[in-house]
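Asks: Show me how the following folds:
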Amino acid sequence: MGLGVGIMVLVRIGLRVSWVVPLVLVLTVLFFLALVWFALQINRARLLGRGVRVTEQTLPALQRVLADVCARLDYRKPVDVYVVDKALRSTSLTSYLGTRIIILEGDIVADLQTDENRGQLTFLIARYIGALKARHQQLTPVLLVLGFFRYLTPLGLFLLPYMRATAYSGDQIGQACSDLPSSLAATNRLLVGRDLTPSLAVRGVFEQAVTVRRKILPRLAQLGAVEPHLTNRYLNLLRYASAADPAALAGYRESLDQDTTERLDAALQAAPGRRGAGPRLRAPLIASAAAGAILVLAGLLLFGSGSGATPQPEGSANATDTASGSTTSATTDDLLGHIPSDIRPTCQKYTETETTFTSGLLESQSCSPGGTGTPDSANYYQYDSLTSMNHVFDTYTSDLTAGSCPREGVDTYKSGRRACYTGTNLQNIIIWTNTDLNILSFGLSKQMDLAGLTTWWSYAGPE
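Replies: The predicted structure is shown next:
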């Protein structure tokens, strides 16, 4: 009460003395941070009463894993680890003003203290110690302050992509301290719990993870979350293994049947940050831009843009290509007719959600050519201008040097440009443009080499 009265007095004085207003704001923020710190100490006291603090005397096996991970990551600051019966989340990390607490639910770690399951326990702990080492929690106080002031809460959307990216990084640190099978098994526990993990068929998990990654509604649902979907984190582990430890991924593939292996390949293609049919994307920046666009759109809907602009009819687009000085018009009914007739029956229209593809995109078709001498899949994209199409091609080939297909590199042909390369998941890829039609296409195959893809490309259109 006394502090509240004091702040009110300072505000009244601030109407006459300009420097007092900033001082009041600073004191308010400090008071809020101190209040949160005090709440954390209360929570720590409660954990001491309802859980078990990990020490050499209480849970020696878990303590040895903790000490080993801290030594490997050279992390020397004190960390309190508690095992509780039930928690809001099966595992969690809190780091604020010197208070570092890791909470593990007992059912998750109950049988992980044996030598056989030690890798899973190492992964669960190392991803949090790695996050502390990399200071992933440094923006948490900012989120707390923004949440305290109601009108500032929407600004937190710009920080959430960073928080989700740090979750991916923490998982990768955990996997680097453990191994791929253990990391995936531990993530299975987080998905369905300890009891169901042994009966979980991973091929179904792969399929579901691809669906969550590609569908628009799950992607939108993730925009307001501090952590990414668990299925996306599952895909991230696979993508990280394909880039950092291909031998480990190859060994894991050998343990799977053919059907599961095919689903694994599809999962690698959809994994966050995968190169797949293109380059590694700046996911946090893209997500931040999407959050910003949503805020701007909400503002326009609430307050009106006032521009008086007349919307163009749906299904048509007119764009001026500033680079070439020409104007290109296209409709969304053109694309299928430009795909060669022998491929056309295998194609279906679909909505592309990958941000790199969507700028200026009019229509996209996904095809599955059959027979010998054809790739596993072929996609065709029609854009509103040369600028939009060339931007996508340049983004996907920025790290390639000049070279003529079937060698890896970028070259030109009479209707545009093309590039050949092998992705990190061992898929051979050919991507090309048609400057007359503003159509970008690519073919992907794990069976055909680049020479075979180049032969197929010669009659793959567009036409």
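
Asks: how about residue 405, what does it touch?
Replies: Shown in contact with residue 405 (CB atoms under 8 Å, 6 or more residues apart in numbering): 411, 418-420, 430, 450, 453-454, 457. Placement of C-beta: from N, CA and C, glycine included.

Asks: Narrow these to just the buried residues.
Replies: Applying a neighbour-count criterion of 16 or more other CB atoms under 10 Å, the buried members of the contacts of residue 405 are 418-420, 430, 450, 453-454, 457.

Asks: could I get the residues you listed as JSON lines with secondary structure?
Replies: JSON lines is the format used below for the buried ones among the contacts of residue 405 (DSSP: H, G, I helix; E, B strand; the rest coil):
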{"residue": "418", "secondary structure": "strand"}
{"residue": "419", "secondary structure": "strand"}
{"residue": "420", "secondary structure": "strand"}
{"residue": "430", "secondary structure": "strand"}
{"residue": "450", "secondary structure": "helix"}
{"residue": "453", "secondary structure": "helix"}
{"residue": "454", "secondary structure": "helix"}
{"residue": "457", "secondary structure": "helix"}
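
Asks: Can you tell me which of these is closest to residue 81?
Replies: residue 419 (49.1 Å; CB to CB).

Asks: Do I have it right that the closest one meets residue 432?
Replies: Yes - with contact defined as CB atoms under 8 Å, residue 419 and residue 432 form a contacting pair (7.3 Å).

Asks: can you pull the contacts of residue 176?
Replies: 126, 244.

Asks: Surely it is in a strand?
Replies: No - counting by three-state DSSP, residue 176 is not part of a strand but helix.

Asks: Can you get me a residue count around residue 437?
Replies: 21 (other CB atoms under 10 Å).

Asks: For residue 411, see how far away it is.
Replies: Noted for residue 437: a distance of 19 Å to residue 411, by CB to CB, to the nearest Å.

Asks: Torsion angles phi and psi at residue 80?
Replies: phi -90, psi 120 (degrees, to the nearest 10).

Asks: Using the three-state scheme, assign residue 399.
Replies: Following three-state DSSP, the label given to residue 399 is coil.

Asks: What about it, how many residues nearby?
Replies: Neighbours of residue 399 (other CB under 10 Å): 9.

Asks: The one 5 residues further on too?
Replies: Applying the criterion other CB under 10 Å, we find 13 residues in the vicinity of residue 404.

Asks: That one reaches residue 411, doesn't it?
Replies: Yes - using CB under 8 Å, residue 404 is in contact with residue 411, at 4.4 Å.

Asks: and residue 224, what element?
Replies: Assigned by DSSP states H and E, residue 224 belongs to no helix or strand.

Asks: The stretch 101-250 of the chain: strands as residue ranges?
Replies: With DSSP state E, counting those that start in this stretch, there are no strands along the stretch 101-250 of the chain.

Asks: From residue 400, how far out is the closest residue to residue 127 other than its chain neighbours?
Replies: Distances taken as CB to CB, 6 or more residues apart in numbering place residue 174 nearest to residue 127, at 3.2 Å, with adjacent residues excluded. Counting by CB to CB, the gap from residue 174 to residue 400 is 32 Å.

Asks: Ok, residue 203 next?
Replies: Using CB to CB, one gets 33 Å for the distance from residue 203 to residue 400.

Asks: ok, what's across the strand from residue 428?
Replies: Beta bridges link residue 428 to residue 422, residue 445 when assigned by DSSP bridges.

Asks: surely it meets residue 445?
Replies: Yes - judged on CB under 8 Å, residue 428 makes contact with residue 445 at a distance of 5.4 Å.

Asks: between those two, who's got more neighbours?
Replies: residue 428 (24 against 20).

Asks: for this structure, which spans come out with low pLDDT?
Replies: 1-25, 29, 33, 137-156, 271-333, 424 (pLDDT under 70).

Asks: Mind picking the two most distant members of the contacts of residue 405?
Replies: The widest separation within those, taken as CB to CB, falls between 411 and 453 and amounts to 13.9 Å.

Asks: Quick one: name whatever helix or strand follows the longest helix along the chain.
Replies: For the chain, the helix with the greatest residue count under DSSP state H is helix 20-50. As assigned by DSSP H and E, the chain's next helix or strand after helix 20-50 is strand 52-53.

Asks: Does that following strand pack against any helices or strands, and if so which?
Replies: Contact here means 3 or more CB pairs under 8 Å, 6 or more residues apart in numbering; DSSP states H and E; on that basis strand 52-53 packs against strand 80-84.

Asks: Quick check: neighbours of the strand it packs on in the sheet, parallel or antiparallel?
Replies: strand 52-53 (antiparallel), strand 99-105 (parallel).

Asks: and the angle from the helix or strand just after it to strand 99-105?
Replies: Later in the chain than strand 80-84, the nearest helix or strand by DSSP H and E is strand 91-96. Interaxial angle, strand 91-96 versus strand 99-105 (axes from the mean of the first three to the mean of the last three CA atoms, to 10 degrees): 170 degrees.

Asks: what's the spacing between strand 91-96 and its chain's center?
Replies: 21 Å (CA atoms, centre = their mean, to the nearest Å).

Asks: repeat for stretch 248-267
Replies: 21 Å.

Asks: what about residue 381, how many neighbours?
Replies: Residues within reach of residue 381, counting by other CB under 10 Å, total 24.

Asks: wait, what's in contact with it?
Replies: 352, 357, 361, 363-364, 389, 392, 439-441.

Asks: Please identify the pairing partners of the helix or strand where it lies and their relative orientation?
Replies: Using DSSP H and E, residue 381 sits in strand 377-383. Strand pairing for strand 377-383, using DSSP bridges, gives strand 361-367 (antiparallel), strand 439-445 (antiparallel).
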